[in-house]
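*Asks:* here are the coordinates; sequence isn't available:
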């Protein structure tokens, strides 16, 4: 049997009740890790825990809201009490506010940053002493949209750009503490993020507005993320289309902007409406 890369390691994951977070919990458990699953939805957390335990793994479910620092601190403390420490922390919790800027308010942007940026920052602060003790690994799920903007989701893009900037900076700082940083930038992965409304409520009954053929399964994305974190890579662009978009934008920024401006001209409100309609009951 091949050696499991995270045998007897302790992994703490936020946003672990569905999508990438849930798939990461399963993937890390299959690599031998003890997994602490943190999210707001206790029922879905229980389902992920039972799946892991059904395969012979060990998991802990922790109800946690990353916008509440006390909640994050408690979840981290429970993880340490159960597993003896934290070797890997993955800040994955997030959602997307959709809409054109002229139809949004400052409060919409604040709500987006409360979860996607400050929720991640508080997760890092809470887990960091334990990662420092274990010389561990920090993974943060940002997005390809943290490297290139798109109309109709400016709050989301802004929050993810902020995350990428944060990680670019603290990568150097945490290296001195023996902690590696992995900035995870997925493209379109199967998840509920496109079924989540602007208040963060998930509407699972709604159809995903993105064509199925371009969406990458969560289990494949999770395996790629686990490998990047294991190798202590700084950045991992997940999905082939994400890599292509990032490469073009990085190497030919003027050309890519000109093409996108022409293709997307006048479509910002339409694109935002698809996202907001997907989150309506």
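*Replies:* All right, it came through fine. Bear in mind that the values here come from a model prediction, so they are computed numbers and not experimental data.
*Asks:* strands of the stretch 51-200 of the chain, start to end?
*Replies:* Assigned by DSSP state E, counting those that start in this stretch, the stretch 51-200 of the chain shows strands spanning 58-63, 88-91, 137-141, 180-186.
*Asks:* so for residue 34, which of these sits nearest?
*Replies:* Taking Cβ to Cβ, strand 58-63 is the member of these nearest to residue 34, at 4.6 Å. C-beta coordinates here come from the backbone N, C-alpha and C atoms, glycine included.
*Asks:* ok, the closest one: who's next to it in the sheet?
*Replies:* strand 34-39 (parallel) (DSSP bridges).
*Asks:* contacts for the partner strand, please.
*Replies:* Applying Cβ atoms under 8 Å, 6 or more residues apart in numbering, the external contacts of strand 34-39 come out as 8-18, 21-22, 25, 28-29, 45, 48-49, 52, 57-64, 72, 75, 78-79, 82-83, 86, 93.
*Asks:* got a list of what residue 167 touches?
*Replies:* Residue 167 touches 140, 142, 181, 183, 234, counting by Cβ under 8 Å, 6+ apart.
*Asks:* including distance to residue 106 and neighbour count, could these go into JSON lines?
*Replies:* Output for the contacts of residue 167, formatted as JSON lines (distance: Cβ to Cβ, whole Å; neighbours: other Cβ atoms under 10 Å):
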{"residue": "140", "distance to residue 106": "25", "neighbour count": "25"}
{"residue": "142", "distance to residue 106": "22", "neighbour count": "27"}
{"residue": "181", "distance to residue 106": "30", "neighbour count": "25"}
{"residue": "183", "distance to residue 106": "27", "neighbour count": "24"}
{"residue": "234", "distance to residue 106": "32", "neighbour count": "13"}
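*Asks:* need the residues you listed in CSV (columns: distance to residue 218 and pLDDT).
*Replies:* Converted to CSV, the contacts of residue 167 look like this (distance: Cβ to Cβ, whole Å; pLDDT from 0 to 100):
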residue, distance to residue 218, pLDDT
140, 17, 98
142, 17, 96
181, 23, 98
183, 19, 97
234, 23, 98
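*Asks:* so which of the contacts of strand 34-39 sit within helices?
*Replies:* 21-22, 25, 28-29, 45, 48-49, 52, 72, 75, 78-79, 82-83 (DSSP state H).
*Asks:* circling back to that earlier point, and the contacts of strand 34-39, which of them are buried?
*Replies:* 9-18, 21-22, 25, 28-29, 45, 48-49, 52, 57-62, 64, 72, 75, 78-79, 83, 86, 93 (16 or more other Cβ atoms under 10 Å).
*Asks:* quick one: low-confidence ranges for the stretch 1-150 of the chain?
*Replies:* 1 (pLDDT under 70).
*Asks:* what separates residue 139 from residue 250, distance-wise?
*Replies:* Noted for residue 139: a distance of 22 Å to residue 250, by Cβ to Cβ, to the nearest Å.
*Asks:* these two - which one has more neighbours?
*Replies:* Using other Cβ atoms under 10 Å as the criterion, residue 139 and residue 250 rank with residue 139 on top: 25 against 11.
*Asks:* contacting residues around the more buried one?
*Replies:* Counting by Cβ under 8 Å, 6+ apart, residue 139 has contacts 88, 89, 90, 91, 92, 182, 184, 225, 228, 229.
*Asks:* now render these as JSON lines, adding distance to residue 118 and neighbour count.
*Replies:* Converted to JSON lines, the contacts of residue 139 look like this (distance: Cβ to Cβ, whole Å; neighbours: other Cβ under 10 Å):
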{"residue": "88", "distance to residue 118": "22", "neighbour count": "26"}
{"residue": "89", "distance to residue 118": "16", "neighbour count": "29"}
{"residue": "90", "distance to residue 118": "17", "neighbour count": "30"}
{"residue": "91", "distance to residue 118": "11", "neighbour count": "29"}
{"residue": "92", "distance to residue 118": "15", "neighbour count": "26"}
{"residue": "182", "distance to residue 118": "20", "neighbour count": "23"}
{"residue": "184", "distance to residue 118": "18", "neighbour count": "27"}
{"residue": "225", "distance to residue 118": "22", "neighbour count": "26"}
{"residue": "228", "distance to residue 118": "24", "neighbour count": "20"}
{"residue": "229", "distance to residue 118": "23", "neighbour count": "26"}
